[in-house]
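Asks: Compute the structure for the input listed below.
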Amino acid sequence: MVVAGRIQFDDFELDPDGRALYRAGSRVKLQQQPFDVLTALLERPGRLMSRDELRQRVWPADTFVDFDHSLNISINKLRTALDDSAEHPRFIETIPRRGYRFIGTLTKGAAAAPDPEHTDELSPPRTTRPRRNIGVAYVIGILIAIPIIAFAIASLRPGGQRPVEAAARERVRSIAVMPLDDLSPDAASARYFADSMTDALITSLAQLPDIRVISRTSVVSLSQPRKPLPEIAATLGVDSIVEGTVVRLGNRVRITAQLVDGATDRHLWARSYDREMRDVLALQHEVTTEIASEIGRRVAPSAPSAVKPAAFDEYLRGRFAWNARTETAMGEAIEHFIRATQLDPSYAPAYAGLADCYATLGYLSNLVPSDGFQAARAAAERALRLDQTSAEAHASLGYVHFYYDWDFDAAERELRRALSLNPSYATGHQWYAVFLTAMSRPGEARAEIERASGLDPLSAAISTDLGFQLYYTREYDRAVHHLNDVIGRYPRFPLAHLWLGRAYQQHNRFADAIAEFDAVERALPDWPVTVAATGSAAAWAGDVRTARHTLDRLHGLSKQRYVTAYGYALVHAALGEHDQAIDWLERGVEEHTPWMVWLKLDPRWGVLSSDPRFTRIAARVGLP
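Replies: Numbers count the residues shown, from 1 in each chain. Reported below is the predicted structural model:
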């Protein structure tokens with residue numbers, strides 16, 4: 001059934017024919033898909049509309065988007081427009097694993113249809129491409145306005161805690177925290193909790209002076225299947241390891257942990273903790289203090305912190321999703337972080353998590369720059385108003401200053417501040433290395449990426465960034481050798497293939513370059529960055545037809561998602577169409593596309609880089 005005429009509920013009025021939503025006479029901004037979802041729900045007020053029915057109604061079969069992710073985002077935008085809440089809905093109720101129901105009262109224009117039985121299971125999620133406004137309106141709106149997670153540690157020896165021998169204490173200069181084993185009865189649903197508690201312990205121990213703490217990605221890669229601890233310690237280059245277990249039963253959590261000598265597999269310290277969930281944040285300082293004391297370190301006093309357990313739980317789920325670093329996972333993380341801020345508006349770590357997500361999506365051109373980076377800025381600034389010691393928030397704000405504001409002094413200040421707060425923050429060192437590369441300070445950049453690698457030695461992203469640096473310093477032979485080595489270890493990591501393809505292009509190995517870009521395309525279908533890279537390489541090889549086809553693809557993709565002007569300009573420049581390339585670069589300045597910071601270092605501009613117009617554009621970006 002199609003809704004006809006205007007429909008009123010509460011102080012809202014929906015005009016299906018005019019495709020408009022009004023509140024108290026004022027038009028409410030609402031994009032096409034959320035509007036269509038609301039219209040569909042209003043066809044059957046009070047009755048379930050399954051996700052499959054919404055898919056057929058709002059997302060036709062030829063729509064190339066990830067349905068599950070897009071529906072979640074549309075519902076989130078709709079709730080924002082209606083001032084509704086997922087936890088306490090007035091209008092839209094979620095029926096887990098099935099669909100949604102409009103539960104408001106219609107005062108005019110009610111139209112109901114029978115609610116057919118629908119018991120199909122949801123199809124598994126597919127690869128996502130986050131659309132342009134993932135919760136941006138909510139974030140920027142409220143941001144005018146767990147201290148990272150908590151942990152626990154436990155004694156595998158009953159009742160016991162024993163001091164570290166003096167000689168062993170002297171040796172503790174580096175620590176790896178293995179993923180805590182989840183022993184909860186419902187382990188499948190609690191896995192996020194154990195993983196997030198591991199992250200929290202890593203973050204907390206990283207604050208200790210003169211201790212190198214290995215980042216999560218490296219230890220996770222060695223945990224399944226679990227290798228002997230001495231072998232793990234040797235691989236990561238650490239002298240001690242923390243391992244333990246988590247058991248969560250309702251509102252209580254029991255965590256055990258032990259400190260183990262990496263060389264001998266000998267237990268140095270152990271302890272167990274049994275707490276209510278509401279006390280789990282206070283436990284963070286207690287655990288860190290005890291480990292620090294055992295290894296001869298001191299921890300600065302910390303004021304007790306409190307967060308609503310439900311907000312803390314959403315934050316843990318958000319960080320669990322964030323750790324996957326995929327576009328789909330970041331969309332899920334955003335939804336959890338937003339719910340955490342709704343439940344506890346004073347909870348700084350949730351805003352820092354939002355900043356991390358939006359900054360990354362902005363850089364990858366998954367969002368319009370003004371949407372992604374402005375949301376990241378608002379989230380980071382809100383986090384810092386609540387907690388000036390958040391290294392993640394400082395780093396994300398530095399990322400915004402670097403890639404969007406082009407305020408390079410402010411970017412360096414924030415990135416350095418992040419590293420002063422958390423010297424073991426591998427992502428902070430990685431981002432600072434990228435910044436230093438763009439600032440034509442290769443020696444400093446190399447030192448920073450090596451620090452990041454020491455903290456996260458098995459990270460595919462950090463290993464790839466060394467190849468990225470070699471590329472931008474014109475060391476193409478070394479870049480090819482290094483990136484082939486990275487791909488040998490991480491064959492499915494798309495960014496390694498991207499930078500290897502670009503290095504091959506500089507050697508005029510165009511077929512090899514395009515083969516690498518094809519590998520990226522298989523992992524990240526329709527990513528405009530890859531499409532433009534293929535067009536540039538094809539034009540360099542003299543394959544004009546393929547290059548023009550990529551331009552057509554970019555124009556087609558622009559109807560579905562953001563496409564950076566930098567990509568169009570690259571293909572036109574490779575085709576020798578310099579006027580068109582300059583026009584697109586001018587547009588790139590206007591939209592503040594993040595790729596513009598690489599304008600002077602990117603070798604693909606060829607003879608265009610000597611054009612006075614190109615030089616003036618680079619000056620507008622403020623590049624050194």
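Asks: Okay, the residue most central in space within the chain and residue 176: tell me how far apart.
Replies: A centroid search over the chain (C-alpha atoms, centre = their mean) returns residue 357, at 3.7 Å, as the residue closest to the centre. Residue 357 sits 26 Å away from residue 176 when distances are taken as C-beta to C-beta, to the nearest Å. For the C-beta atoms, the positions are set from N, CA and C on the backbone; glycine is no exception.
Asks: follow-up on the earlier one: next SSE downstream of the strand or helix carrying the residue nearest to the centre of the chain?
Replies: Per DSSP states H and E, residue 357 falls inside helix 348-363. Downstream of helix 348-363, the next assigned helix or strand under DSSP H and E is helix 369-386.
Asks: For the helix or strand hosting residue 545, name the packing helices and strands.
Replies: Using DSSP H and E, residue 545 sits within helix 544-557. If you count contacts as 3 or more C-beta pairs under 8 Å, 6 or more residues apart in numbering; DSSP states H and E, helix 544-557 packs onto helix 528-540, helix 565-574.
Asks: what angle sits between the helix holding residue 357 and helix 369-386?
Replies: Counting by axes from the mean of the first three to the mean of the last three C-alpha atoms, to 10 degrees, helix 348-363 lies at 160 degrees to helix 369-386.
Asks: before we move on, back to that, CSV please, covering the helices and strands packed on helix 544-557 and showing mean pLDDT and distance to residue 254.
Replies: As requested, those are exported to CSV (pLDDT from 0 to 100; distance: least, C-beta to C-beta, whole Å):
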stretch, mean pLDDT, distance to residue 254
helix 528-540, 97, 46
helix 565-574, 98, 52
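Asks: In TSV: those, plus distance to residue 467.
Replies: Compiled in TSV, the helices and strands packed on helix 544-557 are given as follows (distance: least, C-beta to C-beta, whole Å):
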stretch	distance to residue 467
helix 528-540	15
helix 565-574	20
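Asks: Let me have those in TSV, extended by mean neighbour count.
Replies: Formatted as TSV, the helices and strands packed on helix 544-557 follow (neighbours: other C-beta atoms under 10 Å):
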stretch	mean neighbour count
helix 528-540	25
helix 565-574	26
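Asks: Between the ones you listed, which one is closest to residue 510.
Replies: Ranking these by proximity to residue 510 (C-beta to C-beta) places helix 528-540 first, at 5.3 Å.
Asks: just checking, what packs against the closest one?
Replies: With contacts defined as 3+ C-beta pairs under 8 Å, 6+ apart, the packing partners of helix 528-540 are helix 494-506, helix 510-523, helix 544-557, helix 565-574.
Asks: can I get these in JSON lines with distance to residue 369?
Replies: JSON lines is the format used below for those (distance: least, C-beta to C-beta, whole Å):
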{"stretch": "helix 494-506", "distance to residue 369": "20"}
{"stretch": "helix 510-523", "distance to residue 369": "21"}
{"stretch": "helix 544-557", "distance to residue 369": "16"}
{"stretch": "helix 565-574", "distance to residue 369": "10"}
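Asks: Burial check on residue 546, number of neighbours?
Replies: Using other C-beta atoms under 10 Å as the criterion, residue 546 is surrounded by 15 other residues.
Asks: Correct me if wrong: it contacts residue 536.
Replies: No: Residue 546 lies out of contact with residue 536 (C-beta atoms under 8 Å); the separation is 10.6 Å.
Asks: ok, back up a step: contacting residues for the residue nearest to the centre of the chain?
Replies: With contact taken as C-beta atoms under 8 Å, 6 or more residues apart in numbering, residue 357 is in contact with 322, 330, 333, 334, 337, 376.
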